[in-house]
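*Asks:* Using only what follows, build the 3D model:
(one chain, ligands or ions: 1)
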Amino acid sequence: MTDILQLVKAKDPNEREFHQAVMEVVESIKPVMDRNPEYRSAKVLERLVEPERVIMFRVVWMDDQGRVHVNRGFRVEMNSAIGPYKGGLRFHPSVNLGILKFLAFEQVFKNALTTLPMGGGKGGSDFDPKGKSDTEVMRFCQAFMAELFRHIGPNTDVPAGDIGVGAREIGFLFGMYKKLANEFTGVLTGKSLNWGGSLIRPEATGYGSVYFAAEMLATANQSLEAKTCLVSGAGNVAQYTMEKLIEMGAKPVTFSDSSGYIYDEKGVDRDKLDYLMELKNIKRGRVKEYAEKYPEAVYTPADPNADHNPLWDHKADCAFPSATQNEINAKDAQNLVNNGVQLVCEGANMPTVPDGIEIFTENKILYGPGKAANAGGVSVSGLEMTQNSMRLSWTRQEVDNRLKMIMHSIHKTCLEAAEQYGHPGNYMVGANIAGFIKVVNAMLDQGLV
Ligand code: NDP
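*Replies:* Predicted structure coming up:
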């Protein structure tokens, strides 16, 4: 098993995040490999860690001052054993091939857990939408899609949003795809409602994460009622995580962006969340402004040299990391445990470093890994694809019910797989094993392709 890690590291030594994601899966699925020698001889691991296809391209665009910019675009088509490639696009200056491979790899297992027929992919660019005008973002999206359109399609590869890609970007991307392909199809998810989107898609990742947390708490005969919750991020996932937490009687007390974080001891209520949503989604402002509007809240600027993130150092019952990868280091994990947190539910992808996960496991924290806990987003994307194919729209209630059912089923699947392979209660091991078996069996059925 260490061989596969060595192989991955030797082939692509600089892809740190990808190594981390592979290591976590490889360690979890060891008992499955031991019980199924045919997996070894079919080299399933070697095949899983190699993307089926990587597309890398130049994106040239012009800003409002007439200056030319060159960015790099990517699409990693990781695995299509159980359906068309599916996974978001990320626009962030940190984007590189290693980060997208880690995200695409995670996506393969996540999508398998959803019960829907979706393979795994991920893409994006090192373009930073922050501080750009709407017309600049539009020109970038059009230039990006001018290349990507020839590689995607409703039965081939269906991208969605991720960090830096929300409703505005999906609109510009879809418009350009439609023009170039000369067809109106469900080639992207996260579309606006009046041109093919699904109700509940914007809310789905955050809501799904809270539904998953409620399922985990129910195993300990507890609920979210009156629980104090730390949330990080202030984007799509964080906002709807807070919305559902408030609805379920919990009290979110923190949120953040890359410049700093807010601690609001009294809790973010419906009115305050409305203000935050307008601030972030319409005015495209910074979380700092929340403390100017609500003086009882405390704003702490981010310190790039700090050895831990003070957001995770408040007394609370639950934590919902919903910003980005590796945002909880070992010290943060220990602080969470010391401060009484009993549940960590990952809205973001891989937000906890491996040593942090170990601390959660040792301390018997209810730990919901991203690939299970944040699968609600891609699940409703799958439901959006279904509605597009059928050319009809389900009601809000219908989509929400399906989302709840899917999160319930993912939770159950993780617990059953963990139990079956000797790690009762370990959601991470359960998620990795259940996703792995489903994808690998499909790969074996389909031969050497
Ligand atoms: P958004 O772009 O809407 O929001 C991201 C938030 O996280 C922003 O507040 C952003 O702050 C902050 N953030 C991003 N990068 C960093 C960083 N390096 N350091 C500190 N803060 C950072 O993205 P989403 O809410 O969509 O995504 C959040 C996480 O959830 C990601 O890990 C994503 O992969 C995952 N996810 C998203 C899904 C979805 O449906 N959208 C589905 C499943 C997982 P700032 O504005 O300052 O950059």
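
*Asks:* What count of nearby residues applies to the closest residue to the ligand within the chain?
*Replies:* The ligand sits closest to G235 of the chain, with a gap of 1.8 Å, by C-beta to the nearest ligand atom. The C-beta positions use only the backbone N, C-alpha and C, and glycine is treated the same way. By other C-beta atoms under 10 Å, 24 other residues sit near G235.

*Asks:* The longest helix belonging to the chain near the ligand at all?
*Replies:* Of all the segments of type helix in the chain, defined by DSSP state H, the longest one is helix 396-420. No. Helix 396-420 is not in contact with the ligand by C-beta under 6 Å from any ligand atom; minimum separation 12.1 Å.

*Asks:* So which bits of the chain are right by the ligand?
*Replies:* 161-164, 166, 205, 233-238, 257-259, 322-324, 347-349, 374, 377.

*Asks:* which among those end up buried?
*Replies:* Burial by neighbour count, judged by 16 or more other C-beta atoms under 10 Å, picks out 161-164, 166, 205, 233-238, 257, 322-324, 347-349, 374, 377 from the residues of the chain next to the ligand.

*Asks:* one step back: and the residue of the chain closest to the ligand, what does it touch?
*Replies:* 163, 166, 257, 280, 322-323 (C-beta atoms under 8 Å, 6 or more residues apart in numbering).

*Asks:* let's go with 10 Å and repeat that
*Replies:* 161-164, 166, 205-206, 255-257, 280-281, 322-324, 347-348 (C-beta atoms under 10 Å, 6 or more residues apart in numbering).

*Asks:* show me the contacts for N426.
*Replies:* If you count contacts by C-beta under 10 Å, 6+ apart, then N426 has 28, 361, 367, 369, 414-415, 417-419, 432-433 around it.

*Asks:* rewinding a little: and the contacts of G235, which of them are in helices?
*Replies:* 205-206.

*Asks:* pLDDT score for T2?
*Replies:* pLDDT recorded at T2 is 62.

*Asks:* Make 38 the first number, not 1, from now on.
*Replies:* Okay, residue one is now 38; in that scheme the one you just asked about reads as T39.

*Asks:* What is the least confident helix or strand in this structure?
*Replies:* Sorted by mean pLDDT, DSSP states H and E, the helices and strands of the chain end with helix 39-48, the least confident at a mean of 92.

*Asks:* Now the element after that one, going C-ward?
*Replies:* helix 53-65 (DSSP states H and E).

*Asks:* Contacts for the helix or strand just after that following helix, please.
*Replies:* As assigned by DSSP H and E, the chain's next helix or strand after helix 53-65 is helix 67-72. By C-beta under 10 Å, 6+ apart, the list of residues contacting helix 67-72 from outside reads 38, 41, 63, 76-77, 81-82, 454, 457-460, 466, 469-471, 473-474, 477.

*Asks:* do that again at 7 Å, thanks
*Replies:* 38, 76-77, 458-459, 470, 473-474 (C-beta atoms under 7 Å, 6 or more residues apart in numbering).

*Asks:* Buried ones in it, by neighbour count?
*Replies:* Buried residues in helix 67-72 (16+ other C-beta under 10 Å): 69-70.

*Asks:* Run the chain-centre distance for that helix.
*Replies:* When C-alpha coordinates are averaged (C-alpha atoms, centre = their mean, to the nearest Å), helix 67-72 and its chain have centres 27 Å apart.

*Asks:* With stretch 297-313 instead?
*Replies:* With C-alpha atoms, centre = their mean, you get 23 Å for stretch 297-313.

*Asks:* what about it, how long is it end to end?
*Replies:* With C-alpha to C-alpha, to the nearest Å as the measure, stretch 297-313 spans 15 Å from end to end.

*Asks:* before we move on, back to that, just the CA atoms of the least confident helix or strand of the chain, as PDB, please.
*Replies:* In PDB, the C-alpha atoms belonging to helix 39-48 read as follows (Å, rounded to 0.1, in the frame of the first residue of the first chain):
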ATOM      1  CA  THR A  39       2.900   2.400   0.700                       C
ATOM      2  CA  ASP A  40       3.900   1.600  -2.900                       C
ATOM      3  CA  ILE A  41       1.000   3.500  -4.300                       C
ATOM      4  CA  LEU A  42       1.900   6.500  -2.300                       C
ATOM      5  CA  GLN A  43       5.500   6.300  -3.300                       C
ATOM      6  CA  LEU A  44       4.400   6.000  -6.900                       C
ATOM      7  CA  VAL A  45       2.200   9.000  -6.700                       C
ATOM      8  CA  LYS A  46       4.900  11.100  -5.000                       C
ATOM      9  CA  ALA A  47       7.600  10.000  -7.400                       C
ATOM     10  CA  LYS A  48       5.400  10.800 -10.500                       C
END
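
*Asks:* Let me know the average pLDDT across stretch 168-175.
*Replies:* Mean predicted lDDT for stretch 168-175 stands at 97.

*Asks:* And for stretch 378-393?
*Replies:* Average pLDDT, stretch 378-393: 98.

*Asks:* distance between the ends of that stretch?
*Replies:* 13 Å.

*Asks:* Look up the closest residue to Y244, ignoring the ones flanking it.
*Replies:* Nearest residue to Y244, sequence neighbours excluded (C-beta to C-beta, 6 or more residues apart in numbering): K281, at 4.8 Å.

*Asks:* which other helices and strands contact the helix or strand hosting the one you found?
*Replies:* Element membership for K281 (DSSP H and E) is helix 273-284. If you count contacts as 3 or more C-beta pairs under 7 Å, 6 or more residues apart in numbering; DSSP states H and E, helix 273-284 packs onto helix 238-255, strand 265-268, strand 288-289, helix 307-314.

*Asks:* what about 6 Å?
*Replies:* In terms of contacts (3 or more C-beta pairs under 6 Å, 6 or more residues apart in numbering; DSSP states H and E), helix 273-284 is packed against helix 238-255, strand 265-268, helix 307-314.

*Asks:* quick one: the longest helix of the chain to chain centroid distance?
*Replies:* The chain centroid and the centroid of helix 433-457 are separated by 17 Å under C-alpha atoms, centre = their mean.

*Asks:* buried sites along it?
*Replies:* Under 16+ other C-beta under 10 Å, the buried positions of helix 433-457 are 436-437, 439-441, 443-444, 447-448, 450-452, 454-455.

*Asks:* picking up where we left off before, in strands, which of the buried ones among the residues of the chain next to the ligand fall?
*Replies:* D294 (DSSP state E).

*Asks:* what angle separates the longest strand belonging to the chain from helix 53-65?
*Replies:* Ranked by residue count under DSSP E, the longest strand found in the chain is strand 105-116. Orientation check (axes from the mean of the first three to the mean of the last three C-alpha atoms, to 10 degrees): strand 105-116 against helix 53-65 gives 10 degrees.
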